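Novice: no sequence on hand, only this structure:
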């Protein structure tokens, strides 16, 4: 008869936490912050179909970092929870705090009872009638709920990005200034993130009952003061116009021969760790 090895509960919890933190940090980061008219959520996301930021209910948004298929399951569960509560009671009874508590119970149960924890951090944001009524709930992989004030960061190099965002944050920023501060924090100042690589949404109290709105690449570029299709950096521009560029006749010959150049999305493939 074989005997199973005994592992102390403290060691099991530590191993699970280390596993979850390591894999969440591999994903692309996401930043959320309050601005004058509501809440801005900005994520680095090169996918045009997989979303890190979504609407949950009238004035509530959801965002996730980590493993895409896991936080998307949580998003769907949150939509169902909000719809059922709003139908059974009233739309005003659906709030971010109740939703955050439900998520905390789900993540806590998985972390405690399952072998593998969920490799996610999620954000539940709610815009209020005034700035003081805005809510940012950051829920960790083990079900811990953090009621954030002003701003928060999920995934990636959270500590470094959070410190840069703290330095750039001020109460009642305009939408353009808030977006610039969020992008500067995500980029770290050593690279340029173009609008096509960003997913940006706002919860604005000026939008009426449905406060959630997703910004287009053109709107993002206008707020940042750059062209929506600007190159990622100056080196890329120089490379495109440098002497290594094939002459027109060579390019035409390639087209005549029926050669097809893969698109950027086909060349990169999917990002299953973060999904976006």
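Specialist: Structure's in. What do you need? Given the structure is predicted, the values throughout are model-derived calculations rather than measurements.
Novice: below-threshold pLDDT in this protein: ranges please.
Specialist: Low-confidence segments of the chain, defined by pLDDT under 70: 1-4, 228-276.
Novice: please repeat the previous calculation with a cut-off of 90.
Specialist: 1-12, 27, 46-49, 129-132, 156-159, 168, 171, 188-192, 206-209, 225-276 (pLDDT under 90).
Novice: that one: helices as residue ranges?
Specialist: 9-25, 68-88, 96-113, 158-168, 175-187, 217-224, 234-241, 248-256, 264-268 (DSSP state H).
Novice: quick check: the gap between residue 192 and residue 202.
Specialist: Separation of residue 192 from residue 202 (Cβ to Cβ, to the nearest Å): 22 Å. Using the backbone N, CA and C atoms, a C-beta is placed for each residue, glycine as well.
Novice: which of these two has more neighbours?
Specialist: residue 202 (25 against 16; other Cβ atoms under 10 Å).
Novice: with adjacent residues omitted, what lies nearest to residue 203?
Specialist: residue 127 (3.9 Å; Cβ to Cβ, 6 or more residues apart in numbering).
Novice: how close does that neighbour get to residue 147?
Specialist: Counting by Cβ to Cβ, the gap from residue 127 to residue 147 is 15 Å.
Novice: compare the two and say which one has the larger neighbour count.
Specialist: More neighbours surround residue 127 than the other of residue 127 and residue 147, with 26 against 12 (other Cβ under 10 Å).
Novice: so which of the helices of the chain comes closest to residue 137?
Specialist: helix 96-113 (3.7 Å; Cβ to Cβ).
Novice: give me the helices and strands touching that closest one, please.
Specialist: Using 3 or more Cβ pairs under 8 Å, 6 or more residues apart in numbering; DSSP states H and E, the elements in contact with helix 96-113 are helix 68-88, strand 120-126, strand 135-139, strand 145-148.
Novice: just name the most buried of those.
Specialist: The highest mean neighbour count among the helices and strands packed on helix 96-113, using mean count of other Cβ atoms under 10 Å, belongs to strand 120-126: a mean of 27.
Novice: adjacent strands (with direction) for that strand?
Specialist: strand 60-66 (antiparallel), strand 135-139 (antiparallel) (DSSP bridges).
Novice: what does it rub up against?
Specialist: With contacts defined as Cβ atoms under 8 Å, 6 or more residues apart in numbering, strand 120-126 is touched by 24, 30, 32, 39, 41, 56, 59-67, 70-71, 74, 78, 95-96, 99-100, 103, 107, 134-141, 152, 154-155, 203.
Novice: could I get the helices and strands packed on helix 96-113 as TSV with distance to residue 162?
Specialist: Formatted as TSV, these follow (distance: least, Cβ to Cβ, whole Å):
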stretch	distance to residue 162
helix 68-88	19
strand 120-126	12
strand 135-139	11
strand 145-148	10
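Novice: which of the ones you listed sits closest to residue 16?
Specialist: Closest to residue 16 of the helices and strands packed on helix 96-113, according to Cβ to Cβ: strand 120-126, at 13.2 Å.
Novice: report the angle between the axes of that closest one and helix 9-25?
Specialist: Angle of strand 120-126 versus helix 9-25, following axes from the mean of the first three to the mean of the last three Cα atoms, to 10 degrees, is 70 degrees.
Novice: what's the spacing between strand 120-126 and its chain's center?
Specialist: 9 Å (Cα atoms, centre = their mean, to the nearest Å).
Novice: what's the angle between it and helix 68-88?
Specialist: Using the same axes, to 10 degrees, the inter-axis angle of strand 120-126 relative to helix 68-88 is 30 degrees.
Novice: next, the angle from strand 120-126 to helix 96-113.
Specialist: Using the same axes, to 10 degrees: strand 120-126 against helix 96-113 is 170 degrees.
Novice: list the buried residues of stretch 103-119.
Specialist: Residues 103-104, 106-108, 110-111, 117-119 are the ones in stretch 103-119 that count as buried (16 or more other Cβ atoms under 10 Å).
Novice: wouldn't residue 57 be in contact with residue 86 here?
Specialist: Yes. When contacts are counted by Cβ atoms under 8 Å, residue 57 is listed as touching residue 86 (6.8 Å).
Novice: give me the common contacts of these two.
Specialist: With Cβ under 8 Å, 6+ apart as the test, residue 57 and residue 86 both reach residue 94.
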